Each structure stands twice: as C-alpha cells, then as structure tokens.
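Undergrad: take this sequence and fold it.
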Amino acid sequence: MISDEAWCGVHSLLENYVGLRKDDAVVIVYSPDSHEAAAWVSAGISLRGNFLSRVPMQPLTDPTFRANLDAALPDPDEFPGRLVILTFERETMSHDDAIRSVLRRYKTDRCLVFRSISSCNELFEYALHATPDELTGLNTAVLERCMPANRLRITTAGGTDLRVGIDSDRHRWISNRGRWRPGSFVILPAGEVATYPASIEGVLVADFAFNVNAITERSARLVESPVTVEIREGRAVAYSCDDSSIKSFLDECFYKHCAFNVGELGLGTNYRIKSAIHLNSHINERRPGVHIGFGQHNQGNTLPYQCNIHLDLIANGACIWIDDSPQPIDLENLRPSRNEHPDRPRSEDVFSPEASDLEVEDCCGILTNNGLRVFADGQCRDPQSMDGAR
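TA: This is a model prediction of the structure:
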C-alpha cells in the first residue's frame with residue numbers, strides 16, 4: 001500500500017520533473033529491487049492515459065536488456081509527443097551504453113531520460129517533494145556566492161571546521177537540480193552543488209551518513225557513531241570512529257589506491273530531506289549539509305589520478321563563510337535566489353563510463369563495468385571474485 005506522502009512524490013515526479021504531456025510516450029525500466037517504485041509510477045501514468053511500456057532488467061549484467069528495451073520503444077513517427085524514459089534502481093545505475101544506443105533514432109529534444117539511483121520509499125515520500133524550480137533557486141544561491149570565491153571556511157554544529165581553497169577557473173562546478181536538458185540524463189534524487197577543492201585543510205565530523213559507490217548491507221547512518229577525519233594538503237591523514245564495525249569499514253575503503261585523496265566538496269540543498277536513512281543512498285548526501293568525497297574526483301580527465309572508490313562522508317548541516325564576508329551561507333536556512341542559474345556548472349555527477357562523449361565520469365554511482373566493489377559487514381571483494389554475488 002502506497003502512503004499519501006509517496007503518492008504525492010509520484011505526482012511530483014511526473015508533473016514537476018518530467019512535465020508529462022498528454023501526447024508523451026513513457027517507458028519505465030526497473031531492476032527487481034525497484035519493482036514497487038515502478039508499479040507506483042505506472043499507476044500515476046495510467047491515470048493520465050499516456051502510452052506506457054515497462055521493461056524489467058537485471059542490474060549490472062543483462063545480455064538481453066538492449067534488445068528488450070529496443071522492442072518496447074514506439075516508433076518515432078507513431079506518436080506526436082516526447083519519449084520519456086524513467087529508470088528505477090536501488091543501489092546501481094546500469095546499462096547507460098545500451099540506453100544511449102537504442103535512443104539514437106530519436107531526436108535529442110524529443111527524448112527525456114530520468115534515472116533514479118535510490119529507488120525507495122523515502123525517494124517518493126520526501127526527496128521528490130522538492131521541485132526543480134525550488135532546487136534551482138537554492139543551488140543558484142550557493143553558486144553565485146561560492147563560484148567567485150577564493151576561499152571558504154565551512155563549520156558545523158557537530159565539530160567540522162574546514163578551510164577550503166576554490167579555483168573556479170580550473171575546476172568545474174556541478175549543480176544537480178533535477179532539470180532536463182537535451183542530450184542529458186537527469187539523475188534523481190536532486191539537490192546538490194559540488195566541485196573539486198583546490199586546497200582543503202581541517203577536520204570533518206561526519207555525523208549524518210555515508211554514501212559509497214559499492215553495494216553494502218550495513219546501515220549508512222552515522223548519527224549515533226560520527227566519523228572524524230583530519231585533512232591536510234587535500235588528503236585524509238587520520239580518521240576515527242567509536243564504532244569498531246564502522247572503523248573496519250573505513251579501513252577497507254581507505255585501503256584503495258588514492259582513496260585518501262579529497263576528490264569532492266559537496267553541498268546538499270534538498271530541504272525536504274530531514275533525517276538519515278538506512279540505505280546507502282544519494283538521498284543522504286542531498287540533505288542540506290556538507291559532504292566530502294574521498295577517492296575518485298568529479299573533474300573528468302583533468303586531474304592526474306583515477307580511483308575506483310568514491311566515499312562520501314556527510315555532515316549534518318553547514319555554515320559556509322566566504323572570503324572576508326561576515327555573513328555565512330547557512331545550508332539549513334538557505335533562501336533561494338531569484339537570479340538566473342549560472343550556465344557554467346555541469347548538471348550531474350553520476351555517470352556510466354561509456355558516456356565519454358558528454359565529458360562525464362564515474363564519481364558517485366555504482367556502475368556497469370568499472371571499479372565495482374562489494375562491501376558487506378566490512379568486507380570487500382574484487383570483481384574477479386564476485387561471480388557468485390552478481
């Protein structure tokens with residue numbers, strides 16, 4: 001039974017994000033762990049009377065998926081509106097190459113793709129209640145002050161105190177706000193701005209949650225057992241947690257090549273997200289607050305290293321002090337800007353490795369081919385030993 005809050009999230013997805021029109025054709029793609037989300041959205045579309053087709057898929061490896069999706073798509077000349085692809089997965093983002101290849105027969109301005117990487121009750125019950133218009137105003141409020149800055153000081157009530165150097169001429173910003181543009185895939189949930197810090201020093205106290213590009217059975221919440229990380233010269237030099245299980249998990253993460261590198265400064269803006277959820281999820285990092293991503297960066301091939309892990313450690317809330325301004329940005333009490341959203345930031349930070357033509361890279365998502373790791377109860381397995389797990 002769907003809750004009233006989740007049903008509102010379904011309608012927000014279709015009305016505020018997709019802007020579904022009567023003549024649009026919709027194809028829902030879903031993995032087994034997201035069949036409930038697919039059913040909810042299918043019901044919402046059926047009430048509107050649109051053409052609807054559903055394509056189940058196996059995550060990560062599915063040799064029949066490309067043909068099944070191709071067979072489910074209507075001919076471009078058989079419907080007057082747009083083709084809308086909605087994909088739902090719990091912990092993975094699979095088959096980007098297959099989706100892109102079968103969509104080549106459609107004009108980019110007629111084809112909308114929305115990919116949900118954290119398909120769970122909470123996605124619909126509150127994460128999708130923040131509209132793209134609202135998130136655009138909030139992201140703009142952060143970007144218009146932070147992009148021109150030279151330095152930031154970021155503090156939280158939990159004890160975070162970071163000094164960050166910003167170089168927006170060298171390092172691109174990302175603004176995930178749920179807005180579609182021709183040729184792009186929209187990644188949901190939305191509500192974040194991020195960049196690569198030119199320099200970073202200080203202490204991060206992650207007292208909200210973590211998000212890692214691996215499949216893990218452990219709870220992502222850190223509210224009861226915060227993680228403290230000391231950062232010097234752009235690297236984690238020490239970390240601690242009172243919970244021995246979480247400490248063991250961190251040991252596994254930071255053991256990887258270049259995993260100590262700070263690869264991302266992330267600032268969540270989705271004000272509808274109030275509490276950390278159990279699931280290893282992008283929902284947690286969209287919460288208003290600061291998160292630091294260790295390991296893989298979000299700058300494509302412009303930096304001299306690549307890493308097969310990306311671990312976001314997320315603090316609850318944040319105040320951002322900009323250069324010499326006496327008035328900080330309080331992410332938990334952020335007032336949206338009415339100015340135009342800057343056109344320089346990229347739209348997303350989660351991509352499949354096949355999408356090189358769009359100058360994108362794998363930063364935060366569990367993807368089809370490269371660098372997959374599985375964590376369960378603090379253990380790590382490489383892809384070569386994962387045949388039984390897949």
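
Undergrad: so the residue lying closest to Gly49 once chain neighbours are set aside, which of the three states?
TA: Excluding its sequence neighbours, the residue lying closest to Gly49 (C-beta to C-beta, 6 or more residues apart in numbering) is Lys22, at 7.1 Å. No exception for glycine: its C-beta is placed from N, CA and C like everyone else's. Under the three-state scheme (DSSP: H, G, I helix; E, B strand; the rest coil), Lys22 adopts coil.

Undergrad: return the residues in contact with Lys22.
TA: The neighbourhood of Lys22, defined by C-beta atoms under 8 Å, 6 or more residues apart in numbering, consists of 48-50, 81.

Undergrad: could you report the pLDDT at it?
TA: Note on Lys22: pLDDT of 95.

Undergrad: quick one, helices of the stretch 1-150 of the chain?
TA: Assigned by DSSP state H, counting those that start in this stretch, the stretch 1-150 of the chain shows helices spanning 4-12, 35-48, 65-72, 96-102, 121-125, 132-146.

Undergrad: which one of these lies nearest to Arg338?
TA: Arg338 lies closest to helix 132-146 among these, at 6.9 Å (C-beta to C-beta).

Undergrad: one step back: got JSON lines for the helices of the stretch 1-150 of the chain, with mean pLDDT and distance to Lys247 too?
TA: Shown next, in JSON lines, are these (pLDDT from 0 to 100; distance: least, C-beta to C-beta, whole Å):
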{"stretch": "helix 4-12", "mean pLDDT": "98", "distance to Lys247": "35"}
{"stretch": "helix 35-48", "mean pLDDT": "97", "distance to Lys247": "34"}
{"stretch": "helix 65-72", "mean pLDDT": "97", "distance to Lys247": "39"}
{"stretch": "helix 96-102", "mean pLDDT": "94", "distance to Lys247": "34"}
{"stretch": "helix 121-125", "mean pLDDT": "97", "distance to Lys247": "27"}
{"stretch": "helix 132-146", "mean pLDDT": "98", "distance to Lys247": "32"}
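
Undergrad: measure how far stretch 146-155 is from the centre of its chain, please.
TA: Its chain's C-alpha centre and that of stretch 146-155 lie 22 Å apart, by C-alpha atoms, centre = their mean, to the nearest Å.

Undergrad: other residues contacting it?
TA: With C-beta under 8 Å, 6+ apart, stretch 146-155 has contacts from 160-166, 168, 173, 193, 195, 267, 290, 318-323, 329, 342, 344-345.

Undergrad: at 7 Å instead, please
TA: 160-166, 168, 173, 290, 318-323, 342 (C-beta atoms under 7 Å, 6 or more residues apart in numbering).

Undergrad: may I see the buried residues of it?
TA: Counting neighbours by 16 or more other C-beta atoms under 10 Å, one finds that the buried residues in stretch 146-155 are 146-147, 149, 152, 154-155.

Undergrad: and the residues you listed, which of them are in strands?
TA: If you go by DSSP state E, these have 152, 154-155 in strands.

Undergrad: between those, which sits nearest Thr140?
TA: Closest approach to Thr140 among those (C-beta to C-beta): Leu152, at 17.2 Å.

Undergrad: take the buried residues of stretch 146-155 and write them to CSV, including distance to Val186.
TA: Shown next, in CSV, are the buried residues of stretch 146-155 (distance: C-beta to C-beta, whole Å):
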residue, distance to Val186
Cys146, 23
Met147, 22
Ala149, 28
Leu152, 28
Ile154, 28
Thr155, 32
